[in-house]
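Participant: turn this into a structure:
(one chain, ligands or ions: 3)
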Amino acid sequence: MAETSIKVPEGGAKITIQNGRLNVPDNPIIPFIEGDGTGPDIWRASVRVLDAAVAKAYGGKRQIHWMEVFAGEKANNLLGTWLPDATVDACRDYLVSIKGPLTTPVGGGIRSLNVALRQMLDLFVCLRPVRWFKGVPSPVRMPEKVDMVIFRENTEDIYAGIEYAAGSDAAQKLLDFIQANDPKAFDKIRFGTKAKAEGWQKALEGIGSPARDVGVNVGIGIKPVSYLGTERLVHSAIAYAIQNKRKSVTIVHKGNIMKYTEGAFRNWGYEVAEKFFGDKVYTWEQWERTKAADGEAAANAEQKAALAAGKVLIKDSIADITLQQVLTRPDEFDVIATLNLNGDYLSDALAAQVGGIGIAPGGNINGVTGHAVFEATHGTAPKYANLDKVNPGSVVLSGEMMLRYMGWTEAADAIIRGMDAAIAGKRVTYDFARLMEGATEIKCSEFADEVIKGM
Ligand SMILES: NC(=O)C1=CN([C@@H]2O[C@H](COP(=O)(O)OP(=O)(O)OC[C@H]3O[C@@H](n4cnc5c(N)ncnc54)[C@H](OP(=O)(O)O)[C@@H]3O)[C@@H](O)[C@H]2O)C=CC1
Ligand SMILES: O=C(O)CCC(=O)C(=O)O
Ligand SMILES: [Mg+2]
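Facilitator: Numbers count the residues shown, from 1 in each chain. Ligands and ions are numbered 1, 2, ... in the order given. Next up, the predicted model:
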């Protein structure tokens, strides 16, 4: 029987932050959420890898004191609530935590606990690096060219969860508001009135469909995108690119269609680049201005000189073509700054290029308060729950990101060495084994053993 309340481990101490710098003791207490579905299998394997990496790197001088906190099905079973306040408080108090995936029902039921946690702790960056490990099976010809870092805005966009169900009073009130205040826009809501709905129904009856009573059934979602939300995300992405000597930051948006949300994100993104990083970046907006003033050749020469001087190129790309070009021309993408939904799609799509969601890590981070919750990109994969089967790589590598975030680079490096060795040995979980020639399929727990051996 699991614990029903949080037990603070003895002998551990809190990670704190002072003047923007994390203070990590040698015995930090780190809250963890096991997760739903495959979460427990993965966590059991991953925690052994993380502990082994720390032991290998520091020979007992440092040790993580793990503290289980509850969320999702386990919390609901034990405590009758999906996301206890104590869990959120623990992640807040202890600053750095790690979690497994949590289930979100589709089309009704509770809202995403994952999203709730990100919003409650204001973890505005969802950082998802996408890199290839030598030997990992990939559907693309040159996976070694895939080396991107996604900065996904984590607190706004349609993920704010402001949605009203079709037929509800709230949806009707919003429709009435739009009709009263912007009749032209209201007209574009295809089935926004009973007359329009009935008109379509009549047309259907004209081709033999049975008669039925149709009403106004329009669900409405709201997509907030703010200047400050954009500023802090894009600022983080560019600062990261400069610090890590990356070549470019691509602002990915669908601003041709959603002009005042995604389009504004693009425009503000360039503004942030020039306002905060003017001497360290060269933007496509600068290129446009020089072209208008002095011609294309001058603009090209200016860009070439700026990049030769080590400036980071700030460019933008519309989301649909981006999804093609990350496949066909991956080396043209480096750091990506994007909105919440685009980032969700892009991170799963890109993971496929480097071996799949089984090794796609992530971190949700507030670089100002220091709060961070590390978690895999994938979900609960419920059909594999309790089979000790799936790849623990995503949580292991999320832990690697966490260790690096804490400044425990030697332990993080040990994990990378272990992953490299395990993959090179071709003893891998089912997801890799089914695509890798000459591989032996092993269990989730056995893969953890291979990683530990390879450190
Ligand atoms: N941050 C979070 O906690 C997230 C939670 N979710 C939630 O998870 C639930 C299930 O979502 P679903 O859309 O099925 O997506 P999942 O990511 O859970 O699974 C989709 C598929 O991805 C592959 N996969 C996932 N995890 C692994 C792994 N560790 N190793 C190898 N392969 C893996 C499997 O593919 P195959 O069958 O081909 O082997 C699996 O069937 C939903 O409730 C969703 O809301 C989703 C995403 C993130
Ligand atoms: O919260 C969920 O259930 C899904 C979240 C998700 O897809 C993601 O974080 O990438
Ligand atoms: Mg996702």
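Participant: do I have it right that Asn386 meets Pro40?
Facilitator: Yes - at 7.4 Å, Asn386 counts as touching Pro40 under the criterion of CB atoms under 8 Å. Any C-beta I mention is one placed from the backbone N, CA and C, and that applies to glycine too.
Participant: between the two, which is the more surrounded one?
Facilitator: Set Asn386 next to Pro40 and count neighbours by other CB atoms under 10 Å: Pro40 wins out with 17 against 10.
Participant: need the nearest residue in space to that one, chain neighbours excluded.
Facilitator: Glu34 (5.1 Å; CB to CB, 6 or more residues apart in numbering).
Participant: for the one you found, phi and psi?
Facilitator: phi -60, psi -40 (degrees, to the nearest 10).
Participant: next to ligand 2, which bits of this protein? Give me the list.
Facilitator: 104, 112, 114-115, 344, 377, 379 (CB under 6 Å from any ligand atom).
Participant: number of nearby residues for the residue nearest to Pro40?
Facilitator: Using other CB under 10 Å: Glu34 sits among 23 other residues.
Participant: equivalent analysis for Thr193, please.
Facilitator: Around Thr193 there are 15 residues (other CB under 10 Å).
Participant: go ahead and confirm it touches Val216.
Facilitator: Yes - counting by CB under 8 Å, Thr193 does reach Val216; the two are 6.4 Å apart.
Participant: quick one, what contacts Trp375?
Facilitator: For the record, residue 375 is Glu, not Trp. 98-101, 114, 362-364, 395, 398 (CB atoms under 8 Å, 6 or more residues apart in numbering).
Participant: please redo it, this time with the cut-off set to 7 Å
Facilitator: By CB atoms under 7 Å, 6 or more residues apart in numbering, the contact set of Glu375 is 98-99, 362, 364, 398.
Participant: centroid-nearest residue for this structure?
Facilitator: Cys126 (4.3 Å; CA atoms, centre = their mean).
Participant: separation between the residue nearest to Gly425 when sequence neighbours are not counted and ligand 2?
Facilitator: The shortest distance from Gly425 to any non-neighbouring residue, by CB to CB, 6+ apart, is to Glu450 (6.1 Å). Using CB to the nearest ligand atom, to the nearest Å, Glu450 is found at 27 Å from ligand 2.
Participant: who's in contact with Glu450?
Facilitator: Glu450 touches 422, 425, 427, counting by CB under 7 Å, 6+ apart.
Participant: would you list the residues you listed in CSV and tack on pLDDT, distance to Gln303 and neighbour count?
Facilitator: As requested, the contacts of Glu450 are arranged in CSV below (pLDDT from 0 to 100; distance: CB to CB, whole Å; neighbours: other CB atoms under 10 Å):
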residue, pLDDT, distance to Gln303, neighbour count
Ala422, 96, 42, 29
Gly425, 95, 45, 15
Arg427, 96, 47, 18
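Participant: those in strands, which ones?
Facilitator: Arg427 (DSSP state E).
Participant: element containing the residue nearest to Gly425, please.
Facilitator: helix 444-453 (DSSP states H and E).
Participant: can you list the residues of the stretch 101-250 of the chain near ligand 1?
Facilitator: 101-104, 114.
Participant: from those, list the buried ones, please.
Facilitator: 101-104, 114 (16 or more other CB atoms under 10 Å).
Participant: show me which of these is closest to Val354.
Facilitator: The nearest member of those to Val354, counting by CB to CB, is Pro101 at 19.1 Å.
Participant: quick check, that closest one in a strand?
Facilitator: No - assessed with DSSP: H, G, I helix; E, B strand; the rest coil, Pro101 is coil; it does not lie in a strand.
Participant: please report how far it lies from Thr38.
Facilitator: Distance from Pro101 to Thr38, counting by CB to CB, to the nearest Å: 7 Å.
Participant: great, nothing more from me.
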